[in-house]
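**Q** what's the 3D shape of this:
(chains A, B, C, D and E)
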Amino acid sequence: MSKTHSKSKKQKATAGLAPGTLTYVGEEKSSKVDITVIDYDGADLLEEKIIEDVRNCYDYKEKESVTWINIDGIHDTRIVKTLGMYFNLHPLLLEDIVNTHQRPKVEFYEDNIFVVMKMLNYHKETKKVEAEQVSLILGKNYVLAFQEDIEGDAFENIRERLRKKPNGKARNSNSAYLFYLLMDAIVDNYMVVIEGIGEELEELEDKIIHESAGDPTKALHKYKRQLTFVRKSIRPVREIVNNLVREEDDAGKFLKSVHFYLRDLYDHSIQVIDNTDSFIDMNSNLLDTYLSMLSNKTNDVMKVLTIFSTIFMPLTFIVGVYGMNFDSMPEVHTKYGYYIIWVVMICTATILFYYFRRKRWL
Amino acid sequence: MSKTHSKSKKQKATAGLAPGTLTYVGEEKSSKVDITVIDYDGADLLEEKIIEDVRNCYDYKEKESVTWINIDGIHDTRIVKTLGMYFNLHPLLLEDIVNTHQRPKVEFYEDNIFVVMKMLNYHKETKKVEAEQVSLILGKNYVLAFQEDIEGDAFENIRERLRKKPNGKARNSNSAYLFYLLMDAIVDNYMVVIEGIGEELEELEDKIIHESAGDPTKALHKYKRQLTFVRKSIRPVREIVNNLVREEDDAGKFLKSVHFYLRDLYDHSIQVIDNTDSFIDMNSNLLDTYLSMLSNKTNDVMKVLTIFSTIFMPLTFIVGVYGMNFDSMPEVHTKYGYYIIWVVMICTATILFYYFRRKRWL
Amino acid sequence: MSKTHSKSKKQKATAGLAPGTLTYVGEEKSSKVDITVIDYDGADLLEEKIIEDVRNCYDYKEKESVTWINIDGIHDTRIVKTLGMYFNLHPLLLEDIVNTHQRPKVEFYEDNIFVVMKMLNYHKETKKVEAEQVSLILGKNYVLAFQEDIEGDAFENIRERLRKKPNGKARNSNSAYLFYLLMDAIVDNYMVVIEGIGEELEELEDKIIHESAGDPTKALHKYKRQLTFVRKSIRPVREIVNNLVREEDDAGKFLKSVHFYLRDLYDHSIQVIDNTDSFIDMNSNLLDTYLSMLSNKTNDVMKVLTIFSTIFMPLTFIVGVYGMNFDSMPEVHTKYGYYIIWVVMICTATILFYYFRRKRWL
Amino acid sequence: MSKTHSKSKKQKATAGLAPGTLTYVGEEKSSKVDITVIDYDGADLLEEKIIEDVRNCYDYKEKESVTWINIDGIHDTRIVKTLGMYFNLHPLLLEDIVNTHQRPKVEFYEDNIFVVMKMLNYHKETKKVEAEQVSLILGKNYVLAFQEDIEGDAFENIRERLRKKPNGKARNSNSAYLFYLLMDAIVDNYMVVIEGIGEELEELEDKIIHESAGDPTKALHKYKRQLTFVRKSIRPVREIVNNLVREEDDAGKFLKSVHFYLRDLYDHSIQVIDNTDSFIDMNSNLLDTYLSMLSNKTNDVMKVLTIFSTIFMPLTFIVGVYGMNFDSMPEVHTKYGYYIIWVVMICTATILFYYFRRKRWL
Amino acid sequence: MSKTHSKSKKQKATAGLAPGTLTYVGEEKSSKVDITVIDYDGADLLEEKIIEDVRNCYDYKEKESVTWINIDGIHDTRIVKTLGMYFNLHPLLLEDIVNTHQRPKVEFYEDNIFVVMKMLNYHKETKKVEAEQVSLILGKNYVLAFQEDIEGDAFENIRERLRKKPNGKARNSNSAYLFYLLMDAIVDNYMVVIEGIGEELEELEDKIIHESAGDPTKALHKYKRQLTFVRKSIRPVREIVNNLVREEDDAGKFLKSVHFYLRDLYDHSIQVIDNTDSFIDMNSNLLDTYLSMLSNKTNDVMKVLTIFSTIFMPLTFIVGVYGMNFDSMPEVHTKYGYYIIWVVMICTATILFYYFRRKRWL
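**A** Got it, this is the predicted structure:
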């Protein structure tokens, strides 16, 4: 769990630092930070470019058109700081952006709304869920999206839609709608992750029920950890969306136009949480079921052992008796002694057999 | 669990699509969509017909009489779209209709109320609960009911009543009452499903208690899954009905006339949830009871094994001793050695017997 | 569990029926319905009579004196309907009276208050709790009490008091107080039922702790089911009483005079629920304790088996060696071979004995 | 559990009685009731006397000085009734005083506040917690304290303080402060009880962890029962104190002067509940830990048995083969047969030994 | 658990004492109490000194600059009392400071805010979490911090910052900000403790999964206890911070300037609680997983034993038969008897082998 290790080390590093100090908390990286800008309006305008110098973003702040500035990589705190200063972001907000262990939350500032969420990704090979922190800032005509520098994101669909459908709702709506679209994409993605694990869990269930799973304990443990990790990431999202809907201050008014969509997102996030809980529940049930089947098997094994032992032990004793070398053992010299002893042994075995049948062990 | 598989595949297909895009999410179907209209008032009017072209529904929107338009099959999204446009339904609402994995919910629009619920069906043979999504839209003089294209529904009784009792309450009330009737039929049906599983569970309980069940673990696991699936479908219904009762906006006023009935429905849905929880609880108790009985049996088996082993092992050892071929074994040449050894062995067995009796193993 | 079976059959019969249809849901009965009227005031009036024709009840509706009409048997729906019409009861209310699987609840109508509760009875012989549904309707000067036709009820004490204490509070109070008395009697009775089961549970606990209980699993399972059944019946009562206290509408004002008594009843019902939960908790603890003791015993049995086996197996092997018939076995021809072998065996046994002692198995 | 038995018998005796009837519910007693009065003010006055005739209390009701009337024994209901009449106590309140199974609660009457609590006592020898019911009534210048007639109480410290510190806060405050002091003493005492059980539980934990506890199951069961009993007694106290703080009616104003102290008491009672829950939690963990250790031991025992059996069974079989008396067994007549067989057996044993090592059983 | 022992002894000592009596509750100490004062403003002023006589603190109360008085050691109650009197602290507040078993809480007084928290420390060697009580009092221009006399604290970073960054936010803010900084340092420290235990737990998880852990039960039990202890200390912190944010009285206004920071602290404390709960959950899962793996192993061991026993017992019986010394045993005298018996035995073994294969035990 190298991830968690590095986490706690970083945590210690931050503990005691002045609040407001910008310290990147996450795996160390040397790669360049990618800054992409998509600037559009409902008319012909659609400008998409990669920006080298962060200062080139400044122009977009006051532009009438909707601008989506996507920053891929937050390990270069200078860039975050520079952008923060220009876009007038609160120091604590900036600190939250670079602290990759931030709990998902929403915060309402005077001229922007700040949302931190986790973007999840399920690696089928390693059976691990990875989380990438996404910070979204909704301003008047722009949305800033800060992502950790991990390949791929859940937003590609949105980009496509902006590019290809000039008459689509996305192109013709304001920045709040874009903000909603980004959150919706993340929540949609949760469902994919959950269902991915769920499918594997159902396969495992089939195997367990048909007793071809070997010991599924470790697998169940692994899924349980991934699922609880997912739940921890998803749980706060409901609350976030709920706060977005209920906020009645100036910041909230800004979201009025997408209220309907946010309520839909709210339902969506509840459904995701429901499903996660279902799978966690199913995981526990599977362990219980497996253990119960195992107890049953152990009981069966025990019965076989006991039946064999209790039938053969008396018999072995009997033959042992007549293997003794005493001088005076009258039975061994009788003519039919050997055959009588066979009869005795067969009777013994039969009686024990019926005894076990009555006990329903057979 | 092919159902869930197809579910997650579809889910992925939708993830990232523009909100508001109408994509049917469910098993693929090629069958025709059945549209039935029942139009009635308290007087003589009762018109019941099957409509081929969806546009023929348009007339009923503004008619004074109460109209129930039942659409059986939602895989043809064009029909849903056409109806949606004419009846002025919100795009997100239409999206919810065709997304068959929608969590049950209610939504209040300006001129209609939208409810999504699951209609359940318990197949005794496969011991599986199947869910069919039903979307109900209550407008001024009409109710639209969208069902997945699965044979049979829970509404036949209502149709009968409308046909046969021209003076009944159903025929003489407004569309809100029809809306209530449809919801009530679905909730009534939950009870049937729950009791169906419950009966089987009680039979299984009898078998477990009388120890004639074999290993009930798999059966219990199956029932548990079905019951939790039912609970997941039913849980939100309480909230839905509660919201219908408490809604005080324009949409809510519309329901004033059936408030009393809705409160009854609310009690009803609580009772369904109570019963489901009871059976889930009973399922867990049964597993515990079974495991405890199994532990007890294993303990009994162990005791039998141990008693036999500990009695026969020393005896077998003793006879083994006198089976040795040493030249000088004085005992074997004595006259009564053989008989003395029998006495020794009987004493040994008796002592062990009393030892086990004192330990209460016998 | 014939009770539950018949329940679900009936349930199916009702599912889909028009709401408001009066259908008796319960065991079929042919016995006559007993209608008893007690009419009294604080002065000399105390009239107690059995009524044959339900219409003879009509006079009591408007009388100034307090009247308690007790209907024993609800399978004759005509009687319920006739009374309902005269006393102006809502159709849904009547439906609830005859549906014997109604969840306990309170409903406030314009001129009466309707409460459904379960009257419980614990049969010591069958160890089963039986429930009888009681519907109480509080009107201005009367209380209607509908009971299923089961012998005996919890109200005999109240009758006695009315008869024998003309100056008692009961005789000199209004119908709301009578209403309270009836509910109080039912809740008092819960305590009797709970304590009855509790006593048996405590006896079982004693047996388990002193290990003279055999396998208590089935008994614990039975008690658990009865206790959860009781809890299901009792849980809603708290809510009912709370609603009675908090109701501030016209109906509620009616209860003002007995507010103090209702609050006492509320405390009482909480205590009943507390006790039920305690016993359910105790039941689970007992199973855990029993299982833990059983594990311990199994471990002990295993140890005995293992000690015997591991001591006698090597010995039996050794004597087996010298039972072989090889021509050239030098040891068997030595003079002291036999005695040396005994020394070897005693040493082996002693070493193993100390090995087990070190392992703390002895 | 004679206590609970007598409880339920009494309970039955009360069930159905008129509410407001004074019936002592508890163990029967014939001892005299002790009535002690302490009357004091901040100045010189401190009168402490034992009263024989209950009517001698009457004078203290209207006196300006603070009076604490302590009634030790509530089985003489006439005394309770007489006091109740004079001090103007509600009949239901009197009923609660003599019903020793009353759930702890607070009630606000027009001119007094009534609190019922349990005073607990842990007997180290019997390992049982005993509860004594204490009813406190706070009037304008007096506090009535009714206790069951059990030796000793938690108030001795308060008496001492009143006697010895004429300038202390206790002597110089009003009756509300005395009322608070009494409640505080009871809650302080809970902590003593809880810590008493806790200490023993920690000793048991040490023993379990160091495997010198024998079977701790019964002890854990006993502590669990005592702890849940304590929790049941303590839980309502938080609510009581909270109600005292929040009461804003006339009765509540009376407590204004001790608000600060009550809030402290509230924190105190939360801490007691926290600790109780901690110990209950610890109890469950200990059982789990013990069971897990036991499973591990059983597994170890099984391994020893299996290793011995699987090594010696083949060997015993081999020596058995050459113990057969067949005429033609070529091996037994060879010169080195005996030695070869030893080599075979040693190899067999060695292979099995390494097999178990590979399986990590050794 | 000497800590808890001394705790309960002290507790008993306090039980019944007058509320407001200053009695140090904790381990007895004789060391000197260290009083350190840091006095600073945004300008040049930074005075840091150790004070011998507590009365030298008095000057700082009314000074305009921000003063942090840190009292290391609370066993000398005279010092606490003297400071309390001068800084006008409520007697109950002083009592809370010296009662080291105080539950974390916040209290708002007229001219100061009082917070009690636990400062935790995880000793890797003993695997124990130690708690030190910290009481913070926020006055107009000063913060008093009372700590138990344990080496080291979590505040060193803050001191450094004050010393070294004269232009930093810390130096240029008011006492409320210092108060926040101290709380933030404590909460930051929780994370360090939690992650410390978490890391070890993850190492243990690795060992369990790779089956190299021996019996992890005791270790898991130990971590569980530490984690629940941590949770008990941390839980109330969320509530404390929440109260600080929501307080709207005079005391609350005082905190207005740091509201933003407190909300951040609130998020922070939720995250700490979340993580603690996660690890507790993981601990339980690990025990379940371990037990399930153990059951599986026991089942495997049983199978090996049973296979060996059931194969060799019949064989040993057969060779025993022909070891008997009966005069007339025709088989032993045949020429090929010996070889036939070998064939019989090999067949028996083979059949049993296939039987076990069919049962999937091999």
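**Q** would you map the helices across the stretch 101-250 of chain A?
**A** For the stretch 101-250 of chain A, the helices defined by DSSP state H, counting those that start in this stretch occupy A:156-164, A:175-209, A:217-246, A:250-253.
**Q** for D:Y354, which of those is the nearest?
**A** Nearest to D:Y354, of all the helices of the stretch 101-250 of chain A, is helix A:217-246, at 26.3 Å by CB to CB. For every residue, glycine as well, the C-beta is placed using N, CA and C.
**Q** which residues of chain A lie near chain D?
**A** With the criterion set to CB under 8 Å from any CB of the partner chain, chain A comes near chain D through A:G323.
**Q** for chain A, which helix is longest?
**A** What stands out as the longest helix in chain A, according to DSSP state H, is helix A:259-321.
**Q** model confidence score at A:K32, please.
**A** Per-residue pLDDT puts A:K32 at 81.
**Q** now the residue nearest to A:Y40 when sequence neighbours are not counted. Its backbone dihedrals?
**A** Excluding its sequence neighbours, the residue lying closest to A:Y40 (CB to CB, 6 or more residues apart in numbering or on different chains) is A:L46, at 4.6 Å. A:L46 adopts backbone torsions of phi -150, psi 100, taken as degrees, to the nearest 10.
**Q** okay, and for the stretch 101-250 of chain A, where does confidence drop off?
**A** A:249-250 (pLDDT under 70).
**Q** any idea of the mean pLDDT in stretch A:271-289?
**A** 94.
**Q** how about that stretch and chain E, any contact?
**A** Yes. Contact of stretch A:271-289 with chain E (CB under 8 Å from any CB) involves A:L287.
**Q** and that stretch, how far from the chain's centre?
**A** 12 Å (CA atoms, centre = their mean, to the nearest Å).
**Q** what about it, near chain C?
**A** No. Using CB under 8 Å from any CB, stretch A:271-289 never reaches chain C; the gap is at least 14.5 Å.
**Q** just the CA atoms of that stretch, as PDB, please.
**A** Extracted in PDB, the C-alpha atoms of stretch A:271-289 (Å, rounded to 0.1, in the frame of the first residue of the first chain):
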ATOM      1  CA  GLN A 271     -28.100   5.800  -6.500                       C
ATOM      2  CA  VAL A 272     -24.300   5.400  -6.600                       C
ATOM      3  CA  ILE A 273     -24.100   5.200  -2.800                       C
ATOM      4  CA  ASP A 274     -27.000   2.700  -2.700                       C
ATOM      5  CA  ASN A 275     -25.200   0.500  -5.100                       C
ATOM      6  CA  THR A 276     -22.000   0.700  -3.300                       C
ATOM      7  CA  ASP A 277     -23.700  -0.200   0.000                       C
ATOM      8  CA  SER A 278     -25.500  -3.100  -1.800                       C
ATOM      9  CA  PHE A 279     -22.200  -4.500  -3.000                       C
ATOM     10  CA  ILE A 280     -20.600  -4.100   0.400                       C
ATOM     11  CA  ASP A 281     -23.500  -5.900   1.900                       C
ATOM     12  CA  MET A 282     -23.200  -8.600  -0.700                       C
ATOM     13  CA  ASN A 283     -19.600  -9.000   0.100                       C
ATOM     14  CA  SER A 284     -20.300  -9.600   3.700                       C
ATOM     15  CA  ASN A 285     -23.100 -12.000   2.900                       C
ATOM     16  CA  LEU A 286     -20.800 -13.900   0.600                       C
ATOM     17  CA  LEU A 287     -18.200 -14.300   3.400                       C
ATOM     18  CA  ASP A 288     -20.900 -15.600   5.700                       C
ATOM     19  CA  THR A 289     -22.200 -17.900   3.100                       C
END
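**Q** which residues does that stretch contact?
**A** With contacts defined as CB atoms under 8 Å, 6 or more residues apart in numbering or on different chains, stretch A:271-289 is touched by A:187, A:190-191, A:194-195, A:197-198, A:201, A:204-205, A:208-209, A:216-217, A:220, A:223-224, A:227-228, A:230-231, A:234-235, A:237-238, B:101-103, B:217-218, B:220-221, B:224-225, B:228, B:232, B:287, E:288, E:292.
**Q** of the residues you listed, keep whichever come out buried.
**A** Neighbour counting by 16 or more other CB atoms under 10 Å in any protein chain shown classes A:187, A:190-191, A:194-195, A:197-198, A:201, A:204-205, A:208-209, A:216-217, A:220, A:223-224, A:227-228, A:230-231, A:234-235, A:237-238, B:101-103, B:217-218, B:220-221, B:224-225, B:228, B:232, B:287, E:288, E:292 among these as buried.
**Q** about what we covered before: now the longest helix of chain A against helix B:259-321, angle please.
**A** Relative orientation of helix A:259-321 versus helix B:259-321 (axes from the mean of the first three to the mean of the last three CA atoms, to 10 degrees): 20 degrees.
**Q** and helix A:259-321, how far out from the chain's middle?
**A** With CA atoms, centre = their mean, you get 23 Å for helix A:259-321.
**Q** whichever helix or strand comes after that helix close to chain C?
**A** The helix or strand immediately downstream of helix A:259-321 is helix A:330-333, counting by DSSP states H and E. No. For helix A:330-333, no contact with chain C is found by CB under 8 Å from any CB; the gap never falls below 15.5 Å.
**Q** for the stretch 101-250 of chain A, what lies in contact range of chain E?
**A** Near chain E, when you scan the stretch 101-250 of chain A using CB under 8 Å from any CB, you find A:101-103, A:105, A:107, A:211, A:215, A:217-218, A:220-221, A:224-225, A:228, A:232.
**Q** and the two most separated of those?
**A** Counting by CB to CB, the most remote pair of those is A:E107 and A:E211, 52.0 Å apart.
**Q** ok, those two, which is more surrounded?
**A** Comparing A:E107 with A:E211 by other CB atoms under 10 Å in any protein chain shown, the one with more neighbours is A:E107, at 21 against 12.
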